[in-house]
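Model the structure of this input:
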Amino acid sequence: EDVARFVRDWDRLVKSEFDDFINLLDRVNGLWQGLVTATPGFHVRNLIGAIFNNWLMGVKNPVRYGDAFEMLVLGRAKSAEPNLDALQRKQFTLPDGRKINGAQVIQMADQFSVLNAGWAGGYGSKRIEQLGRRRIQDYNPLELSRNFGEYIEDISRLAGFIDQLVKTGDPYQAALQVKKYQFDYSELSAFERDVLKRVIPFYTWMRKNIPLQLEHLIRTPGVYTSLAHAVDEGAAYAGVDIEQMPDYLANQFAIPFHRSQEGIVSMTSPYALPSNDLMEAAQALRDPQEFGRFIGQNLFPWLRTPLEIATNQQFYSGVPIDVTAEQTGTSPSSEAILNYLFAQTGLPYNLYRSITGQRELIPISEDRAEDEFSTRAPAPFTPMGAIGAFQQYNPEYYQTQVFPYQYQGQLRREIQELTRRGETVYTTQELDQAEALGLHPEQVRIIHQLLEQAGMRKTRENVRDMYIRMQLQQGQ
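Okay, the predicted model is just below:
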């Protein structure tokens, strides 16, 4: 009897401690997810994604979004005290000729749980007693961001529901379509909810979106081939070689549309369209290493970051956390680690970037140039960053500073073998500039050395100008 009592007490104690840990983990996960989604750009991308998925469902009439906005915002359809006059003024005609008003549509939507189904940036769902009730904590920035995000998704859901209801006249079928294309974030198995969602922050979105995109790739491939053509045309217009772009850009629907005189390429964000999830998943299936990288980049930071620091490599981009440590074969410096950890904090980092214009909390290199980046998005709380749909890519920096580190072992061995045979090895930049300017690669290499001594960038224009000056000097 004493042993049995001890086992029961021990089991109760362990279960209580484990429950406390899980509750703490959920709160921390929810806080972090709120911090990384509390930007205008996230909500813009979320809206673009919702419209894209609605388009796949067949919502082609933009008026439906106006109807949904009026009903949810002006009609206060989600409130405990809706504006019935505003709702009843909205009239819709069903296929059999019957007319229904907005209040009836909302009643049907509530009956089939179309609204309040969560959102892409949410970790948990609100309790029933919290819905429609204002609380003091609802006015903190993270709650305001969450509420705004839920409104955006509910507008998209209601627009889809109205569209399908008007086409079919069947509220049940309309609700099923909405849940298929706009997702009910509470529909998960116990294992998914209790395990996978606690280690992968946006698991629910990925779990439902990737199969949907795959289905439509098979059923309506024209949508995706049109996007692929847009990428090709944009790359040609901007003078970008897709084959030389990072895999995380080349294999997604990021569309280049402008190239500055400095060589910086502006393009759409790969996160702007839900179809990019399918491209990432397809790339992950190429080999075990890519699959591991795909899983790693989608983990919560407390699982992902220790592995990244240990390998000195960011899972998503392949860029070293500490470039100097990568060059010297040492461990990342404490300054580089702190900078990287700060970049994972979401809202604090985004505010810091937007206010100061700096990407590092602790400057590692005082002379770091503005164009020393591979890819970057505008600071989230700047006018361009608030749009959330664009980013920049620096081909020169990627080719000379990032690409070699991703394949440095293989490259080092091949270069050593070529050098042993007495052959000269030129960089891609040297070969491309030599071909464009009609020079020998060795001439370009010498000019690069002179430009470096003068503290100038190794752009094609600077190489050409330096070559002309050298010719003029020789002529004198």
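
Spit out the contact partners of the residue nearest to Asn101 when sequence neighbours are not counted.
Among residues not flanking Asn101 along the chain, Gln88 sits closest, at 4.6 Å (Cβ to Cβ, 6 or more residues apart in numbering). Bear in mind the C-beta positions are built from the backbone N, C-alpha and C, glycine included. Contacts for Gln88 (Cβ atoms under 8 Å, 6 or more residues apart in numbering) come out as 101-103.

which residue ranges form the strands in the protein?
91-93, 99-101, 256-259, 265-268, 375-376, 390-393 (DSSP state E).

Arg64 versus the residue nearest to Asn101, what's the distance?
18 Å (Cβ to Cβ, to the nearest Å).

got it, and Ile106?
15 Å.

mind checking how far the residue positioned nearest the centre of the chain is from Gln391?
By Cα atoms, centre = their mean, the chain has its centre lying nearest to Tyr271, at 3.9 Å. Tyr271 sits 9 Å away from Gln391, going by Cβ to Cβ.

swap in Gly239?
The value you get for Gly239 to Gln391, if Cβ to Cβ is used, is 17 Å.

Can you list the low-confidence ranges for the stretch 151-300 of the chain?
Counting by pLDDT under 70, the stretch 151-300 of the chain contains no low-confidence residues.

Which stretches in it count as helices?
Assigned by DSSP state H, counting those that start in this stretch, the helices in the stretch 151-300 of the chain fall at 171-182, 190-191, 197-199, 203-219, 221-238, 247-250, 275-284, 288-297.

wait, which of those is closest to Ile264?
Closest of the helices of the stretch 151-300 of the chain to Ile264 is helix 221-238, at 10.1 Å (criterion: Cβ to Cβ).

Which residue, other than its chain neighbours, is closest to Phe148?
His43 (6.1 Å).

Can you give me every residue that contacts that neighbour?
By Cβ under 8 Å, 6+ apart, the residues touching His43 are 145, 148-149, 152, 388.

Over to Pro274?
Counted by Cβ under 8 Å, 6+ apart, Pro274 has contacts 49, 52-53, 209, 212-213.

Columns neighbour count and distance to Asp194 on top of those residues, output as CSV?
Shown next, in CSV, are the contacts of Pro274 (neighbours: other Cβ atoms under 10 Å; distance: Cβ to Cβ, whole Å):
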residue, neighbour count, distance to Asp194
Gly49, 23, 27
Phe52, 18, 31
Asn53, 24, 27
Asn209, 22, 21
Leu212, 19, 24
Gln213, 22, 26
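
Pro95: which of those residues is nearest?
Lowest distance from Pro95 to the contacts of Pro274 (Cβ to Cβ) belongs to Asn53, with 23.7 Å.

who's in contact with the closest one?
So Asn53 contacts 156, 181-182, 209, 212, 274 (Cβ under 8 Å, 6+ apart).

rewinding a little: adding distance to Arg259 as columns, could you present the helices of the stretch 151-300 of the chain in JSON lines?
JSON lines is the format used below for those (distance: least, Cβ to Cβ, whole Å):
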{"stretch": "helix 171-182", "distance to Arg259": "36"}
{"stretch": "helix 190-191", "distance to Arg259": "47"}
{"stretch": "helix 197-199", "distance to Arg259": "40"}
{"stretch": "helix 203-219", "distance to Arg259": "29"}
{"stretch": "helix 221-238", "distance to Arg259": "4"}
{"stretch": "helix 247-250", "distance to Arg259": "14"}
{"stretch": "helix 275-284", "distance to Arg259": "22"}
{"stretch": "helix 288-297", "distance to Arg259": "28"}
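
Between these, which one is closest to Trp32.
Closest approach to Trp32 among the helices of the stretch 151-300 of the chain (Cβ to Cβ): helix 197-199, 12.0 Å.

Please tell me how far the closest one is from the chain's geometric centre.
Computed by Cα atoms, centre = their mean, to the nearest Å, the chain-centroid distance of helix 197-199 equals 18 Å.

Ok, stretch 273-292 next?
Computed by Cα atoms, centre = their mean, the chain-centroid distance of stretch 273-292 equals 14 Å.

Pull out the buried residues from that stretch.
Going by neighbour count (16 or more other Cβ atoms under 10 Å), the buried part of stretch 273-292 is 273-281, 283-284, 290.

same thing with stretch 349-361?
By 16+ other Cβ under 10 Å, the buried positions in stretch 349-361 come out as 349-354, 359-361.

how far does that stretch sit from the chain's center?
With Cα atoms, centre = their mean, you get 19 Å for stretch 349-361.

which residues touch that stretch?
Identification of contacts with stretch 349-361 by Cβ under 8 Å, 6+ apart yields 38-39, 338-339, 342-343, 373, 376, 379-382, 385.

Tell me, how many residues neighbour Glu435?
11 (other Cβ atoms under 10 Å).

now Gln453
Using other Cβ under 10 Å, the number of residues around Gln453 comes to 8.

Quick check: it vs Glu372, distance?
Counting by Cβ to Cβ - Gln453 and Glu372 are separated by 19 Å.

swap in Arg460?
Plainly put, Arg460 is 18 Å away from Glu372 if you go by Cβ to Cβ.

And the residue nearest to the centre of the chain, its phi and psi?
Backbone torsions for Tyr271, taken as degrees, to the nearest 10, come to phi -90, psi 0.

wait, isn't it in contact with Arg45?
Yes. Tyr271 is within contact range of Arg45, at 5.5 Å (criterion: Cβ atoms under 8 Å).

picking up where we left off before, please list all residues in contact with the residue nearest to the centre of the chain.
Residues near Tyr271 by Cβ under 8 Å, 6+ apart: Arg45.

ditto for Thr382
Here Thr382 is in contact with Ser354 (criterion: Cβ under 8 Å, 6+ apart).

what are the phi and psi angles of it?
Dihedral pair for Thr382: phi -110, psi 160, per degrees, to the nearest 10.

that older thread, could you find the lowest-pLDDT member of the contacts of stretch 349-361?
Ranked by pLDDT, these bottom out at Phe373, which scores 81.

ok, that one to Thr356 distance?
Relative to Thr356, and taking Cβ to Cβ, Phe373 is found at 16 Å.

try Arg469
Arg469 sits 38 Å away from Thr356, going by Cβ to Cβ.

same thing with Ser266?
Noted for Ser266: a distance of 23 Å to Thr356, by Cβ to Cβ.

What of Ile362?
13 Å.

Can you list the buried residues in stretch 80-99?
82-83, 86-87, 90, 92.

Ser186 and Met108, how far apart?
When Ser186 is compared with Met108 (using Cβ to Cβ), they lie 19 Å apart.

between those two, which one's more packed in?
Ranked by neighbour count (other Cβ under 10 Å), Ser186 and Met108 place Met108 first, with 18 against 13.

picking up where we left off before, quick one: closest of the strands of the chain to Gly75.
strand 99-101 (10.4 Å).

any chance you could map the helices in the stretch 301-450 of the chain?
Counting by DSSP H, counting those that start in this stretch, one finds helices in the stretch 301-450 of the chain at the ranges 301-311, 323-328, 334-343, 347-356, 383-387, 395-397, 403-406, 408-420, 428-437, 441-453.
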